[in-house]
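Q: Have a look at this fold, sequence not included:
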């Protein structure tokens with residue numbers, strides 16, 4: 001009897017493993033969903049370059065430089081976050097780096113993951129090298145964990161992406177990726193054997209899922225991780241109070257934000273919810289002890305609408321290649337024994353300008369203006385990719401009078 005029992009159990013296990021293997025191999029979306037159900041706040045995804053990335057992090061778009069950003073990052077570290085998503089355009093890279101360094105020194109810890117991004121004005125091979133040097137200096141880290149092209153709107157896509165490949169080869173960055181790229185942009189930068197980016201950070205939530213499904217499938221088929229911003233519907237009160245999502249949150253005894261984040265995780269997306277409030281930072285990471293049913297996932301998948309909040313370079317920005325002859329010449333170059341320094345011209349084969357003059361910084365819109373260029377008049381709409389009026393959206397839901405709290409991420 002015992003022998004029969006053990007043989008039966010072994011057979012069941014084999015059948016279960018076979019089912020999982022067949023399921024994971026034939027449908028990547030099912031694989032990601034199955035993987036997501038077993039996540040914890042310490043879980044990581046493995047990227048296509050074999051580096052790992054935490055499944056959840058804190059976004060800091062529109063977090064004010066100084067104490068606001070420093071406090072948010074510190075509270076997030078205390079709550080268990082280890083990934084922090086910033087950008088050169090946010091003007092708070094230094095505060096993110098300082099908060100992490102302060103926390104790690106106090107707690108004798110070294111584990112963290114930082115993502116930052118290149119502004120469109122810094123597209124171009126040599127411009128990217130300078131920009132990366134600046135971000136490394138502000139963040140106080142070397143290498144940067146994940147370096148993204150912020151938007152295809154800066155043009156020179158292949159030339160800019162070649163610079164990222166070069167930076168990865170020289171170990172100034174661990175992983176490289178893009179943000180707000182559509183299929184056409186992704187295909188353009190992977191010509192002539194260039195590697196696929198590890199990450200594509202895009203607006204992603206239930207309302208836009210069906211519109212972006214082809215892009216999601218393309219990324220999954222090429223092992224490009226989707227990093228979702230706008231996960232909590234940009235904090236738009238009119239959507240966060242819809243009966244569909246409110247009733248679902250009540251069913252699971254969760255907040256609306258937690259349900260929306262859980263939906264993204266069960267699709268295999270990486271999420272970067274943003275807040276500057278301690279309580280909400282702590283709440284947003286508590287999404288690993290419940291699971292949405294298949295029926296509720298389908299309901300959210302088919303929930304349609306338009307936030308009218310974000311830019312849409314994924315579909316609206318044309319493909320501009322820029323210089324395409326850098327690859328594969330530099331890919332075959334040997335890494336010099338000594339450490340490269342971007343500000344030392346003799347250390348780079350192509351050379352860099354010794355000094356670059358900083359333009360005037362427009363703090364209202366977070367973009368660098370060329371010399372002589374006038375600032376935007378009050379009320380004039382800025383249409384920057386990913387940085388529309390307020391990229392990350394405000395978490396208006398659950399606290400009507402707290403319109404200043406930005407709960408979303410770019």
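A: Cool, the structure landed. Just so it is clear, the structure is predicted and the values come from calculations on it, not from any experiment.

Q: contacting residues for the residue nearest to residue 197 when sequence neighbours are not counted?
A: Sequence neighbours aside, residue 177 is the residue nearest to residue 197 in space, at 4.3 Å (criterion: CB to CB, 6 or more residues apart in numbering). C-beta: built from backbone N, CA, C; applies to glycine. When contacts are counted by CB atoms under 8 Å, 6 or more residues apart in numbering, residue 177 is found next to 146, 147, 148, 149, 197, 198, 199, 200, 201, 224, 225, 227.

Q: any idea how far the third one is from residue 100?
A: Right, the one you point to is residue 148. Using CB to CB, to the nearest Å, residue 148 is found at 18 Å from residue 100.

Q: ok, now the fourth one?
A: Separation of residue 149 from residue 100 (CB to CB) stands at 23 Å.

Q: Could you check which of those two has the larger neighbour count?
A: When residue 149 is set against residue 100 and neighbours are counted by other CB atoms under 10 Å, the residue ahead is residue 149, at 31 against 26.

Q: got the contact list for the more buried one?
A: Contact criterion CB under 8 Å, 6+ apart gives 117, 118, 123, 157, 160, 161, 164, 177, 178, 179, 181 as the residues in contact with residue 149.

Q: Phi and psi next, for the nearest residue to it once chain neighbours are set aside.
A: For residue 149, ignoring the flanking residues on the chain, the nearest one in space by CB to CB, 6+ apart is residue 178 at 4.7 Å. With angles defined as degrees, to the nearest 10, residue 178 shows backbone torsions of phi -140, psi 170.

Q: And for residue 173?
A: Recorded main-chain torsions at residue 173 are phi -140, psi 150, according to degrees, to the nearest 10.

Q: Could you find the closest non-adjacent residue to it?
A: For residue 173, the nearest residue in space outside its immediate sequence neighbours is residue 147; the separation is 4.2 Å by CB to CB, 6+ apart.

Q: now residue 305
A: Counting by CB to CB, 6+ apart, residue 305 lies nearest to residue 207, which is 4.3 Å off, once chain neighbours are set aside.

Q: which element is that neighbour on?
A: Taking DSSP states H and E as the definition, residue 207 sits inside helix 206-209.

Q: what is the mean pLDDT for that helix?
A: The average of the pLDDT scores along helix 206-209 is 95.

Q: Provide the contact partners of that helix at residue level.
A: 216, 230, 233, 239, 260, 263, 267, 300-301, 303-307.

Q: from the residues you listed, which is closest to residue 136?
A: Proximity of the contacts of helix 206-209 to residue 136 was ranked by CB to CB; the top entry is residue 230 with 28.2 Å.
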